[in-house]
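>>> The sequence and its predicted three-dimensional model are supplied below.
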Amino acid sequence: MMIGRFLQGLGAAGPRIVSIALVRDRYEGRIMARVMSFVMTIFILVPVIAPSIGQLIIAYSDWRSIFILFLVLTIIALVWFSIRQPETLPPERRIGFSMRRLIRDIKAICSIPVAFGYTITMGLIFGAFIGYLSSSQQNFQVQYALGNQFALYFGVLAASIGLASLVNAQLVMRFGMRRLSRIAVIAIAVLSAPFLLLAQQYQGHPPLPMLMAYLLSVFFFIGILFGNLNALAMEPLGHIAGLGAAVVGSISTLVSVVLGIIVAGAYDGTVLPLVGGFAVLVMSN
């Protein structure tokens, strides 16, 4: 089972990188941010409906059917991609593969301040988000005793990010990626620092409506950041979009996972580690 899940994750890594490279091959600047916002909307909305689909499968079959569904969806995606997606990188722009070139280009990417800076920014901000994903079940099901209603609250918060991505697709053409990203980071910091103090007044257990209002607001601005930070990091990497997407995705994911584990591991029966994670990691930018 573990070997199979490892191979499944390894296979899923490829399409994630290729999809970003495809977008960068075709678009740049604000238009890329707009397209990435639409991509991130789907990326966020899928987890909203996925638990319901899983529950439906379990209700009428067993857990093995979930993996059969994986196989069916993969075949559908492969056929659809083969028929509908043209090649975006013409032969004259392709780069031959060699380990020496690979190492050289990775060093070159990491030496570009704009690309590397926005990559680390993504890792820091999304580290707090990973911390939420890892501790949300304890916060909602244990601390607030929501039981089966957890999926509903989780879905509502995810929908906030999806809505923000759609809004960003409209706003980015007018205000630009950098301005919107700056506003979003400041907004998350301004929301998190006072709410951390407020949560301490409730011994780390603020009323659920108050917590939801805070998280909905923060996740809306995170949704603004999703597409914009990816586009900003990829902007100077058009000549090596595939490797650039791999490096940006790998570094930002590694940073966010490590920080997310720290935030989730600090869970103490209150929301203070979660809110503190957002406050500290966002303000560190």
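It's in.
>>> Could you pull up the residues touching A279?
Counting by Cβ atoms under 8 Å, 6 or more residues apart in numbering, A279 makes contact with 189, 192-193, 196. C-beta here means a position set from N, CA and C on the backbone, and glycine is covered the same way.
>>> Swap in 10 Å and give it another go.
128, 188-197 (Cβ atoms under 10 Å, 6 or more residues apart in numbering).
>>> Mind telling me what element it is part of?
A279 is part of helix 272-283 when elements are defined by DSSP states H and E.
>>> quick one: buried residues of that helix?
For helix 272-283, a neighbour-count test (16 or more other Cβ atoms under 10 Å) marks 272-282 as buried.
>>> Can you add pLDDT and distance to A159 and give those residues back as JSON lines?
What follows is these, written out as JSON lines (pLDDT from 0 to 100; distance: Cβ to Cβ, whole Å):
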{"residue": "L272", "pLDDT": "93", "distance to A159": "26"}
{"residue": "P273", "pLDDT": "93", "distance to A159": "24"}
{"residue": "L274", "pLDDT": "92", "distance to A159": "19"}
{"residue": "V275", "pLDDT": "93", "distance to A159": "21"}
{"residue": "G276", "pLDDT": "93", "distance to A159": "25"}
{"residue": "G277", "pLDDT": "92", "distance to A159": "22"}
{"residue": "F278", "pLDDT": "92", "distance to A159": "19"}
{"residue": "A279", "pLDDT": "91", "distance to A159": "24"}
{"residue": "V280", "pLDDT": "90", "distance to A159": "26"}
{"residue": "L281", "pLDDT": "90", "distance to A159": "23"}
{"residue": "V282", "pLDDT": "87", "distance to A159": "22"}
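>>> Out of those residues, which is nearest to E28?
V282 (26.9 Å; Cβ to Cβ).
>>> With A128 as the reference, measure out to that closest one.
As defined by Cβ to Cβ, to the nearest Å, V282 lies at a distance of 7 Å from A128.
>>> Can you check which residues contact both of these two?
In contact with both V282 and A128: 188, 192, 218, 222, using Cβ under 10 Å, 6+ apart.
>>> returning to what we had before: off-centre distance for the helix holding A279?
Here the centre of helix 272-283 is set off from its chain's centre by 17 Å, with Cα atoms, centre = their mean, to the nearest Å.
>>> what are the ranges of the helices in the stretch 1-150 of the chain?
2-26, 29-60, 64-84, 99-110, 113-137, 150-175 (DSSP state H, counting those that start in this stretch).
>>> out of the ones you listed, nearest to I240?
Across those, I240 has its closest neighbour in helix 99-110 (5.5 Å, Cβ to Cβ).
>>> Contacts for that closest one next, please.
For helix 99-110, contacts defined as Cβ under 10 Å, 6+ apart pick out 95, 98, 115-116, 119, 233, 236-237, 239-240, 243-244, 246-248, 250-251.
>>> Same check on stretch 69-80?
When contacts are defined by Cβ under 10 Å, 6+ apart, stretch 69-80 is touched by residues 8, 11-12, 15, 53-54, 57, 61.
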